[in-house]
Structures are given as C-alpha cells and as structure tokens.
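Undergrad: any chance you can model this:
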Amino acid sequence: MIINKYYNKLAYFHNGYIEIVDPVATGKTWDKTPVGFFKVVNKIKNLPYYTGHIPGGDPRNPLGKCWLGLNANGIHGNNNESIIEKYVSQGC
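TA: Below you'll find the predicted structure:
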C-alpha cells in the first residue's frame, strides 16, 4: 500500500500491479502523518474510543468500525467514512 498525502489516496498493489485506489484521510498538518514504510500489525473491529469514553460500535466513535494498528508509534487507520478525503487526523 502507498498513501499519497497530497491527494489523500491509498493505492493497493498486488503482484506489482495497482488493484485498488481509494480515498483516505490524513493529518491536519503535513507533519501529522509520518512518511516511511510501515506494516499492519493488528486489526480490531469496534474498538472503544477510550479517551472519549465512547464504546466500540457507537456511531460517534471517531475510530470507525475497524481499526488498523501499524508498526509506527501510535499510527493507525480506521474506516470512519465521514473523514475520508479530508486533512483531519492527529497522525492517523
């Protein structure tokens, strides 16, 4: 996968060919979304948003329905459709 922060697009490659290009959200400022090579290390459905005391599965949960943990110091992804194609995160 490659994330293009300028266009807020994710390109998924399989066997050297682009299979999917989808919109994503990135950091509020350019430095909020780090640059580098990272791996998805875990996937959690309906993760609670502990800081906001919002349970998993709640539509108000900013983490969305499926949280992806990466091997990059607190960086993660989610499928919250309301933020897609926007510069909104604090480093997700």
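
Undergrad: for this protein, what helix or strand is lowest in average pLDDT?
TA: Sorting the helices and strands of the chain by mean pLDDT, DSSP states H and E puts strand 76-77 at the bottom, at a mean of 66.

Undergrad: just the strands from the protein, written as ranges.
TA: For the chain, the strands defined by DSSP state E occupy 2-4, 9-14, 17-23, 26-27, 40-45, 66-70, 76-77, 87-89.

Undergrad: pLDDT weak spots in this structure?
TA: Of all residues in the chain, those with pLDDT under 70 make up the ranges 74-79, 91-92.

Undergrad: so residue 4 bridges to which residues?
TA: Taking DSSP bridges as the rule, residue 4 bridges to residue 9.

Undergrad: go ahead and confirm it touches residue 11.
TA: Yes - with contact defined as Cβ atoms under 8 Å, residue 4 reaches residue 11; the gap is 7.2 Å. C-beta here means a position set from N, CA and C on the backbone, and glycine is covered the same way.

Undergrad: what's the overlap in contacts for the two?
TA: Counting by Cβ atoms under 8 Å, 6 or more residues apart in numbering, residue 4 and residue 11 have no contacts in common.

Undergrad: buried residues, stretch 50-67. List them.
TA: Buried residues in stretch 50-67, counted by 16 or more other Cβ atoms under 10 Å: 61, 63, 64, 67.

Undergrad: residues in contact with the closest residue to residue 55 other than its chain neighbours?
TA: Distance criterion Cβ to Cβ, 6 or more residues apart in numbering; nearest residue to residue 55, sequence neighbours excluded, is residue 48 at 5.2 Å. Each residue near residue 48 by Cβ under 8 Å, 6+ apart is listed here: 54, 55, 56, 61.
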